[in-house]
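Participant: quick one: sequence and predicted model below, then my questions.
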Amino acid sequence: MKSVPKTVLLLAALALPIAAVLVSYAVTDGPRTPDVPDKVEVGSKPGPPPSAAVSKSTGELPPPTPDDDDDDD
């Protein structure tokens, strides 16, 4: 099997991803426009009650795992 020069492999490694990006950009119509509402008001949509949004956690951390140092032998 014939050896391929390193410069050819380097150019192929760089050209293939760049070509894929350029082709995908050319195929699309451009970036999509975001679907943003004209006006946003705080509290305009009903949501969960404030008590449901609070976590039921006690705020305590679990106990640490015991150290397993067997290197003292």
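Facilitator: Structure's in. What do you need? Numbering: from 1, shown residues only.
Participant: mind showing which ranges of this structure have poor pLDDT?
Facilitator: Along the chain, segments meeting pLDDT under 70 span 1, 44-58, 68-73.
Participant: which parts of it are strands?
Facilitator: For the chain, no strands are identified by DSSP state E.
Participant: helices along that one, start to end?
Facilitator: With DSSP state H applied, the chain shows helices at 6-27, 50-53, listed in chain order.
Participant: quick check: which of those helices is buried the most?
Facilitator: Neighbour counts averaged per stretch over the helices of the chain are highest for helix 6-27, at a mean of 9; criterion: mean count of other Cβ atoms under 10 Å. C-beta coordinates here come from the backbone N, C-alpha and C atoms, glycine included.
Participant: got the contact list for that helix?
Facilitator: By Cβ atoms under 8 Å, 6 or more residues apart in numbering, the list of residues contacting helix 6-27 from outside is empty.
Participant: alpha carbons of it, as PDB, please.
Facilitator: Coordinates of the C-alpha atoms in helix 6-27 are reproduced here as PDB (Å, rounded to 0.1, in the frame of the first residue of the first chain):
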ATOM      1  CA  LYS A   6       1.400  14.000   5.900                       C
ATOM      2  CA  THR A   7       0.400  17.300   4.300                       C
ATOM      3  CA  VAL A   8      -2.400  15.700   2.400                       C
ATOM      4  CA  LEU A   9      -3.700  14.100   5.600                       C
ATOM      5  CA  LEU A  10      -3.500  17.400   7.400                       C
ATOM      6  CA  LEU A  11      -5.400  19.300   4.600                       C
ATOM      7  CA  ALA A  12      -8.000  16.600   4.600                       C
ATOM      8  CA  ALA A  13      -8.400  16.700   8.400                       C
ATOM      9  CA  LEU A  14      -8.900  20.500   8.200                       C
ATOM     10  CA  ALA A  15     -10.900  20.700   5.000                       C
ATOM     11  CA  LEU A  16     -13.600  18.100   5.800                       C
ATOM     12  CA  PRO A  17     -15.000  19.700   8.900                       C
ATOM     13  CA  ILE A  18     -14.800  23.200   7.400                       C
ATOM     14  CA  ALA A  19     -16.600  21.900   4.300                       C
ATOM     15  CA  ALA A  20     -19.300  20.300   6.300                       C
ATOM     16  CA  VAL A  21     -20.000  23.500   8.200                       C
ATOM     17  CA  LEU A  22     -20.100  25.500   5.000                       C
ATOM     18  CA  VAL A  23     -22.400  23.100   3.300                       C
ATOM     19  CA  SER A  24     -24.800  23.000   6.300                       C
ATOM     20  CA  TYR A  25     -24.800  26.800   6.400                       C
ATOM     21  CA  ALA A  26     -25.500  27.000   2.700                       C
ATOM     22  CA  VAL A  27     -28.300  24.500   2.900                       C
END
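Participant: fine by me, thanks again.
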